[in-house]
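**Q** please find the sequence and the predicted model below.
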Protein chains: 2
Amino acid sequence: MAHKKKGSQTVVFEKKPYIIGRGNIGGKKESEGPLAACFDQLLDDDMFGEKSWEKAECKMLQTAMERAIHRAKLKKENIDIMLSGDLINQIMTSSFAARDLHIPFLGLYGACSTMTESLVIGSMLIDGGFAQNIMASASSHFCTAERQFRMPVEHGNQRPTSAQWTATAAGAVVLSEKPFSIPEGMRVVRATDATIGKVIDAGIKDANQMGAAMAPSAVDTLLNHLQDTGRAIDYYDLVLTGDLGFIGKDIMTDLLIDAGLNAEKVYAHYDDCGTMLFSKDQDVHGGGSGCGCSAAVFTGKIMQQMEQGKISRILLMSTGALLSTISSFQGESIPGIAHAIALEVE
Amino acid sequence: MAHKKKGSQTVVFEKKPYIIGRGNIGGKKESEGPLAACFDQLLDDDMFGEKSWEKAECKMLQTAMERAIHRAKLKKENIDIMLSGDLINQIMTSSFAARDLHIPFLGLYGACSTMTESLVIGSMLIDGGFAQNIMASASSHFCTAERQFRMPVEHGNQRPTSAQWTATAAGAVVLSEKPFSIPEGMRVVRATDATIGKVIDAGIKDANQMGAAMAPSAVDTLLNHLQDTGRAIDYYDLVLTGDLGFIGKDIMTDLLIDAGLNAEKVYAHYDDCGTMLFSKDQDVHGGGSGCGCSAAVFTGKIMQQMEQGKISRILLMSTGALLSTISSFQGESIPGIAHAIALEVE
């Protein structure tokens, strides 16, 4: 049965929950990036016909969730629990989406680690027999995040080169105990085990150095995961962090090699969603970030490749920076967190 | 085994997870209220020796968690997962407490419903075999919440009579699959089933009318719970909402009677933590609120009464108002949510 070894951070799923539906949506900048073809829908206006960015993000999250439900050949009444979070204060996007969808709702906050947090909790609840179908989702929006964490966009503030660009994107999956809706010939993605991360604080105080702030927690979670499971990094076709960006990915790579991992294998098997969503000539400086970054990359390019059998095993590790403007104003450093979920096709 | 009937919002626990430790702490106003004797620790200065209210709240949450771990006769290394949330943007209190305690952390946001949300998720994860010991906790602080949601305290703003008083309090429990540390002669509290709530929006836009905004969601969750389990309200010695306060409790009572519940039984078996934490002469107007309200009342008076065998079965239903200042500024109404967990002594 489902279990967790004493002293281990990793839980093992007996039923190996299935991802039976996925959906995502991206904004204008995402439509100009290298992964444009991997989105279900792309916006040419990030307001999405709404009166505020926050309402636009909420509509994006709902759109991604509805797409996932549609792909799963379900109705929203079939979803037992919605797990979701975002970056807006009091997870406004998720709460209002839950109001409109009217699905029993458990709100999460893990900053940009939320997509993996929702997948991990969702898989445990399916595996434990507490639901037939669970929605796991996350979203972010460049303009809502800038307003929230940094400067009003209208201010035209100059961004340092280490700053990352919050993805205007949402992603959602339907987790299920049964694979009934998978089309013939398509591989089905299943969750096999997961590692719940600890909060690690490397002492970084600069909110424009998110990759550096989060990389140590990603290293800690990955090393714990590999130790708990007895696997090497090349067990996975791809180990994928959420949004360390170009700088954080380099730090992560260095730290993994310092920790004794084989350098060639790290180069061959490790990548970061924040370095994939945008190309460097899109003026995104440090790369992509935000809950929507790993949510959209995973529910797009990665799941497409798994369904087509191009890759078989991945470890998704969305990474979160648990700062608030209040903590920064009070001189606190930025705590990081990373959860990991192992997914494989059969 | 653990299960959930199709179409039901309620999950049933097979192992009936045990609460093997509890801890709480309250502020100065709480020390002057009717439940003062039910706290493990009371502050005579809500700064708790820290430089900011936020840091004080974080220290309070940690203190409550350490007390719960101590009562459970465990060390923090024995806690597999920490589930926690609070009202500060980006759940700053919980994130920084998780950093200092170094326990694998899943951050939650359910506004003032968080104590029950953490108990519900924690019980599912114990019941599903994903952890031996889980910390479920929540906190709030009057001064951090006022700064966050309303006016700076220094502003000396006049509060309308419907406004509620955010509890300066934290509460935590250790959930476990085994009852090994319960002292001789003391009854042990177990979780039997839980109902995950939907977000209900009654259209209230006034952030000083929280009870009215949350009561409809509490009614919805309770009616679903009773229907799913086939129980009447008097199955429970006490059905306890989180922080509807004096006004919200009256609305809830009326709505339950309107829905066909026996009025005498509602009066005899239903109460609200927000009406219990403070006395009316403490100038709290609408009563207590905040994540810490139900967290402290439950881990104090209620668990004491259960351990002593004075009451045997309760339904704890912390209630949350899922507003943010942004949503209010944008003219949105206040969505409410309530989760329910049934607890009994053996």
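**A** Received the coordinates, thanks.
**Q** in chain A, what residue is nearest chain B?
**A** A:Gly128 (2.5 Å; C-beta to the nearest C-beta). (Each C-beta comes from the backbone N, C-alpha and C, glycine too.)
**Q** since we're on that residue, how many residues are nearby?
**A** 27 (other C-beta atoms under 10 Å in any protein chain shown).
**Q** ok, now A:Ile20?
**A** A:Ile20 sits with 24 neighbouring residues when counted by other C-beta under 10 Å.
**Q** ok, now which ones touch it?
**A** Residues near A:Ile20 by C-beta atoms under 8 Å, 6 or more residues apart in numbering or on different chains: A:71-72, A:74, A:133, A:174-176, A:178-182, A:188.
**Q** returning to what we had before: how about the residue of chain A closest to chain B: what's its closest non-neighbour residue?
**A** Nearest non-adjacent residue to A:Gly128, counting by C-beta to C-beta, 6 or more residues apart in numbering or on different chains: B:Gly128, 2.5 Å away.
**Q** so which elements touch the helix or strand of chain A with the lowest mean pLDDT?
**A** Every helix and strand of chain A was ranked by mean pLDDT, DSSP states H and E. The lowest is strand A:3-4, at a mean of 75. Counting by 3 or more C-beta pairs under 8 Å, 6 or more residues apart in numbering or on different chains; DSSP states H and E, the packing neighbours recorded for strand A:3-4 are strand A:10-12.
**Q** check the offset of the least confident helix or strand of chain A from the chain's centre.
**A** 24 Å (C-alpha atoms, centre = their mean, to the nearest Å).
**Q** partner strands of that strand, with direction?
**A** Sheet pairing here is set by DSSP bridges, and for strand A:3-4 it gives strand A:10-12 (antiparallel).
**Q** now the helices: where do they sit in the stretch 101-250 of chain A?
**A** A:114-127, A:142-149, A:210-229, A:245-258 (DSSP state H, counting those that start in this stretch).
**Q** okay, the angle between the last one and helix A:210-229?
**A** Right, helix A:245-258. 40 degrees (axes from the mean of the first three to the mean of the last three C-alpha atoms, to 10 degrees).
**Q** what's helix A:245-258 packed up against?
**A** helix A:210-229, strand A:238-241, helix A:263-269, strand A:270-272.
**Q** tell me if stretch A:308-326 is near chain B.
**A** Yes: using C-beta under 8 Å from any C-beta of the partner chain, we find that stretch A:308-326 touches chain B at A:Leu322, A:Leu323, A:Ser324, A:Thr325, A:Ile326.
**Q** buried residues, that stretch. List them.
**A** Across stretch A:308-326, burial judged by 16 or more other C-beta atoms under 10 Å in any protein chain shown covers A:311-324, A:326.
**Q** with stretch A:225-239 instead?
**A** In stretch A:225-239, the ones that count as buried by 16+ other C-beta under 10 Å are A:His225, A:Leu226, A:Asp228, A:Thr229, A:Ile233, A:Asp234, A:Tyr236, A:Asp237, A:Leu238, A:Val239.
**Q** closest to B:Ile79 among those?
**A** A:Asp228 (16.8 Å; C-beta to C-beta).
**Q** hmm, A:Ser8 and that closest one touching each other?
**A** Yes: shown here, A:Asp228 and A:Ser8 form a contact pair, counting by C-beta atoms under 8 Å, at 4.3 Å.
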